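*Asks:* Here is the input, now give the coordinates:
(chains A and B)
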There are 2 protein chains.
Amino acid sequence: MTEHSALIQRRQRLLGRSYRLFYQQPLYPVKGEGVWLYEADGKRYLDAYNNVVSVGHCHPRVVEAICQQAAQLNTHTRYLHDSILDYAERLLALFPDVLNNLTLTCSGSEANDLALRIAREVTGNRIALVTRWAYHGTTSSIAELSPSLGVGVSDQVRLIDAPDTFRAPGQWLQQLRQVLDQMAAEGLRPAALMMDGLFSSDGIFSPPAAEIQQAVNWVRQAGGVYIADEVQSGFARTGDDFWGFCRYQLVPDLVTLGKPMGNGHPVAGLVARSDLLDLFGERQRYFNTFGGNPVSCCAAAAVLDVIESEHLQVNARIQGQRLGRQLNDLAQRHEVIGDIRGAGLFYGVELVKDRNSLAPATALASRVVNGMREAGVLISATGPDANVLKIRPPLVFTAEHVELLSDTLDQVLTRLS
Amino acid sequence: MTEHSALIQRRQRLLGRSYRLFYQQPLYPVKGEGVWLYEADGKRYLDAYNNVVSVGHCHPRVVEAICQQAAQLNTHTRYLHDSILDYAERLLALFPDVLNNLTLTCSGSEANDLALRIAREVTGNRIALVTRWAYHGTTSSIAELSPSLGVGVSDQVRLIDAPDTFRAPGQWLQQLRQVLDQMAAEGLRPAALMMDGLFSSDGIFSPPAAEIQQAVNWVRQAGGVYIADEVQSGFARTGDDFWGFCRYQLVPDLVTLGKPMGNGHPVAGLVARSDLLDLFGERQRYFNTFGGNPVSCCAAAAVLDVIESEHLQVNARIQGQRLGRQLNDLAQRHEVIGDIRGAGLFYGVELVKDRNSLAPATALASRVVNGMREAGVLISATGPDANVLKIRPPLVFTAEHVELLSDTLDQVLTRLS
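*Replies:* Model (predicted):
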C-alpha cells in the first residue's frame, strides 16, 4: 500500500492501465521551482531526473514568455509570424551550415516520426537501424524503432548492438557490419541509422568518435542517412557542446529535438539539410496544427535565452565534471558500482553484483532508486537490465546540489548494498 | 508578388518547402482577440476559419489557466497530480458510460496514431478503412490514412467513398459493402473504420444516422472497431451535441480529440472503452512526455469552463441555424451555390459551375476564398475538388458576425461569379 492509494485508484479508473507511476511510493508534487519539486506538506525533492525542465522548473523567463504570447496571439503556421522565423534563425545558427531548415512539431515522437518519413522518402529504402534497447518515441512507426518499449520489432527495422564501452568496447561495429552485409546479401538497403547522442535507454554510452564515424560511414555507403536523435542529448546537456552529435565530430543528415526545447511546453522539431527537405516537400506535404505556433516559439526562444544568459552549457560542463569526480569517489568505496559514464549533466552509474562477473544488479538498482526517492533525491534507472542509475538533472544544478546528490547516493548505497 | 515578400523568402530559407501559406496575400496577424485577428497596421479580419481557437482567440480564462499553472508546476504523468484526474473525470462525464478511459497526447495526429495502434492490437487485424479524401493526421501511419495529403495509400488501408449527400446520397454504403466483401474474399478483416464526425476534408457531410449505423455495424461484424475522429467535430462544434458522433446515435469504440481541446495549447487525447485499453496496456506501454502535463490539463479544463459558462454549445446551434438561413438565402440569389450542408458552426458551401452538370467550381472557390480574405473575412475551401467553402468560426460567433460573414460572401460572390 502506498500513501496515496485513493488517488492511484482514481487514476487507474480514469486513465487505465497504460499509465505507470514512478517509485514504489509515487511522488505527488504540487509545485516546482528550479531543481526542486515540492509536495503539499512542504517536503521537497532534489530533481536529478527531469531533463525536460532543463532550465529549472517554472523558470520565470519561460513562464513570462508563454503568458505574454498566449495573451497576444496563438495560431498556426499558415499565417506569417515573426516568432517562428526569429527562433529558426537563432536555432539554426547553432548547427553546422548544411543543417539549414527547421520544421516544428509538438513532441519528440512526432519529430522522429517525420525524420523517418523523410529518410524513407529520400532514400527510397524502408529499413531503419536502431540500437537494441533504443527508445525514440511512441507513434506507431517510431514505437517499432523503440525496442525498449517491448512492442516487437517489424521487418522494417534491424537492431544493432549499442556501443557498450563497459562490457564490450568496440564490438558493436562488427555486429553492425554483419547486419549491413546480411542486408546487402538480401538486396536490402537501409533508410536510416537513428541514434540517441548518448544512447540513454541502452544504458548511457559515450563511445569514441571514431566508432560512431565508422558506423555512420558504413550506413551512408549502404544508402542510408544518419538521424541524430537529440531529444535527450541536445540543448547543452553534454556540457562540451550544444548538441550530442558534436562529440562525434560528424554532421548528421537529420537532427530531431524535443524534451528540453520548451522547458516542458510541448514543442519539438526537426533540423534538416534543405536538399533532403526539398525532395520530401516536392512529394509530400507536412503540416502540424499546433507545431510552431507563436507561444511554442516564444517558449523555445526563452529557453535559449536562459541557456545563454545563465551560461548553462558551461555549468553543465563544470557541474558534470564535479558530479563525475564525486561518483568516481563513490566507486572507490562501493563495490557495486561497476562503471560510471556519461557527459555533462547526464550520468549513468552501472550497478553490478560483483566486479568479476559484472552481473547486472537489477534489483539493487530498483532499491537504490526508491531509496533515493525516500531520502529526497529523484533519479531513475535505465538499460536493458535496468541496472544503470540514470542521473539527468536540470542544467541549473549547482555544486551544492551535486554534493547533496552524491552524499545521498553514498548513504543509500551504504545502507542497501 | 505579395506584400510580405521578404518575410516569405525568409520563411522559405529557414523552414523549407513543406511550409505552405494560406491566401494569395498571406495573412500576417500580430494579435488575436475573440473572433478577430489583427495585423500590425490595425486592419482586422473576422476569423471564420479557425476551429482551434474555439472559445475565441486568447480567451482570458484559458490564458490565465495556462499562466497560473505554468508558474506552479509543469511535469509529466509519472507523478501524481490532480489536474489530469479532475479533467479526465469531467471530460469522461460528457461521454457514454462505456467510454470511460482517457489518454492524453499533444496532437490529434498522436491521438489518431494511438487509436490505430490500439485497434490493430486488440483486433489482431491491420487494415484501416477511411474515406477517399480523409485527413486524420501527419504521423507516418496516419498519413497513410489521410489520402487528402496525397501521400499514397498502402496495403494497410482501404478507401471508401464519403457519404456524399449531394452528388450520390446513400451510394457509399454499396461501395463499402463491396470493399468488405472483397476483403473477406481475400481472407482479410478490418482493424478499424476511422471517420471524422463531419467528414471535413471530404467536403463536409452530415449523412443520415441510419447510414453511419449501417456502416459501423458492417465493420464491427467483420471484426473491426469504430474510431470516431472528433478532432474537427468535437467540443460543441455541431451545436446539437457535444460530440459529432452523437448525431449518429452510436457509441464508438475509440474517440480521438484534438484541435479545440486547449484552444490552441497543444493538448489532444483518446477516449476509449477500458476493456480495449486494458487489452492494449497488457501488451504495450504508452507514455507521452508532454501529454497530460498539468498546464495542458488546466488549459483544457478552462476550455470546458468557457464552453459551459458562455453556453457555447447552445450558441453554436443558434448561430449555426442563423448562418444556415443566411447561406440558404444566398443560394436563392447565387446560382454557383450548389449545396449547403453542415451542423452547428461548421458549414460547407459547395460551388458548382452550373446546377445541371454540378461540375465543381474549383477555380471560383479559390477566388472566393481569396476575395473574402481581401474583404476581411477568413474562410477556406475543402473537398477533393477544393470547391467547398469551409466555414468554421470560433464558437463565440454572434449574430453580428454571422451577418458580416454572409453579407461579405454575398458581395464577393456577386463580384466574382
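
*Asks:* okay, CA-based contacts and neighbour counts for the rest of this
*Replies:* Noted.

*Asks:* so who does the closest residue to A:R78 other than its chain neighbours touch?
*Replies:* Among residues not flanking A:R78 along the chain, B:L21 sits closest, at 4.3 Å (C-alpha to C-alpha, 6 or more residues apart in numbering or on different chains). Residues near B:L21 by C-alpha atoms under 8 Å, 6 or more residues apart in numbering or on different chains: A:T77, A:R78, A:Y79, A:L80.

*Asks:* any residues touching the longest helix seen in chain A, and which ones?
*Replies:* Secondary structure of chain A read by DSSP state H shows that its longest helix is helix A:312-333. Under the criterion C-alpha under 8 Å, 6+ apart, residues A:55, A:236-242, A:306-307, A:337-338, A:340, A:343-347, A:349, A:395-399, A:402-403, A:406, A:410 lie in contact with helix A:312-333.

*Asks:* Mind checking which of those residues land in helices?
*Replies:* A:V306, A:I307, A:A399, A:V402, A:E403, A:S406, A:D410.

*Asks:* how about the fifth one, what does it touch?
*Replies:* What that stands for is A:E403. Applying C-alpha under 8 Å, 6+ apart, we find A:E403 in contact with A:Q326.

*Asks:* Relative to A:L327, how far out is it?
*Replies:* Plainly put, A:E403 is 10 Å away from A:L327 if you go by C-alpha to C-alpha, to the nearest Å.

*Asks:* Equivalent analysis for A:N100, please.
*Replies:* Relative to A:L327, and taking C-alpha to C-alpha, A:N100 is found at 39 Å.

*Asks:* Also A:Y87?
*Replies:* Separation of A:Y87 from A:L327 (C-alpha to C-alpha) stands at 37 Å.

*Asks:* Then A:A6?
*Replies:* 38 Å.

*Asks:* between the two, who's got more neighbours?
*Replies:* Neighbour count, other C-alpha atoms under 10 Å in any protein chain shown: between A:A6 and A:L327, A:L327 has more, with 24 against 10.

*Asks:* Quick one, grab the pLDDT at that one.
*Replies:* Reading off the confidence values, A:L327 has pLDDT 98.

*Asks:* do the one 5 residues further on as well
*Replies:* We note a pLDDT of 97 for A:Q332 in this prediction.

*Asks:* And for it, the neighbour number?
*Replies:* 10.

*Asks:* do the same with A:P384
*Replies:* For A:P384, the count of nearby residues is 17 (other C-alpha under 10 Å).

*Asks:* residues in contact with it?
*Replies:* For A:P384, the contact set (C-alpha under 8 Å, 6+ apart) comprises A:W133, A:S148, A:S201, A:D202, A:G203.

*Asks:* In contact with A:G338, which residues?
*Replies:* A:A331, A:V349, A:E350, A:L351, A:V352, A:D354, A:R355, A:L358.

*Asks:* from those, which would you call buried?
*Replies:* A:A331, A:V349, A:E350, A:L351, A:V352, A:L358 (16 or more other C-alpha atoms under 10 Å in any protein chain shown).

*Asks:* Could you list the buried residues of stretch A:48-65?
*Replies:* For stretch A:48-65, burial by neighbour count (16+ other C-alpha under 10 Å) applies to A:48-60, A:62-65.

*Asks:* between the buried ones among the contacts of A:G338, which is nearest chain B?
*Replies:* Of all the buried ones among the contacts of A:G338, chain B sits closest to A:V349, with 22.0 Å by C-alpha to the nearest C-alpha.

*Asks:* in chain A, which spans are helices?
*Replies:* Using DSSP H, helices in chain A cover A:5-15, A:60-70, A:82-92, A:108-123, A:140-143, A:171-185, A:209-221, A:274-283, A:294-309, A:312-333, A:362-374, A:399-416.

*Asks:* can you pull the pLDDT of the residue nearest to A:R78?
*Replies:* Looking at B:L21, its pLDDT is 95.

*Asks:* mind checking how far it is from A:L80?
*Replies:* Separation of B:L21 from A:L80 (C-alpha to C-alpha) stands at 8 Å.

*Asks:* about what we covered before: dump the contacts of A:G338 to a markdown table, plus distance to B:I212.
*Replies:* Below are those laid out as a markdown table (distance: C-alpha to C-alpha, whole Å):
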| residue | distance to B:I212 |
| --- | --- |
| A:A331 | 66 |
| A:V349 | 57 |
| A:E350 | 56 |
| A:L351 | 58 |
| A:V352 | 59 |
| A:D354 | 64 |
| A:R355 | 65 |
| A:L358 | 61 |
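
*Asks:* Among those, name the ones in strands.
*Replies:* Judged by DSSP state E, strands contain the following of the contacts of A:G338: A:V349, A:E350, A:L351.

*Asks:* which residues touch the first one?
*Replies:* Read it as A:V349. If you count contacts by C-alpha under 8 Å, 6+ apart, A:V349 has them with A:L327, A:I337, A:G338, A:D339, A:I340, A:R341, A:V388, A:L389, A:K390, A:I391.
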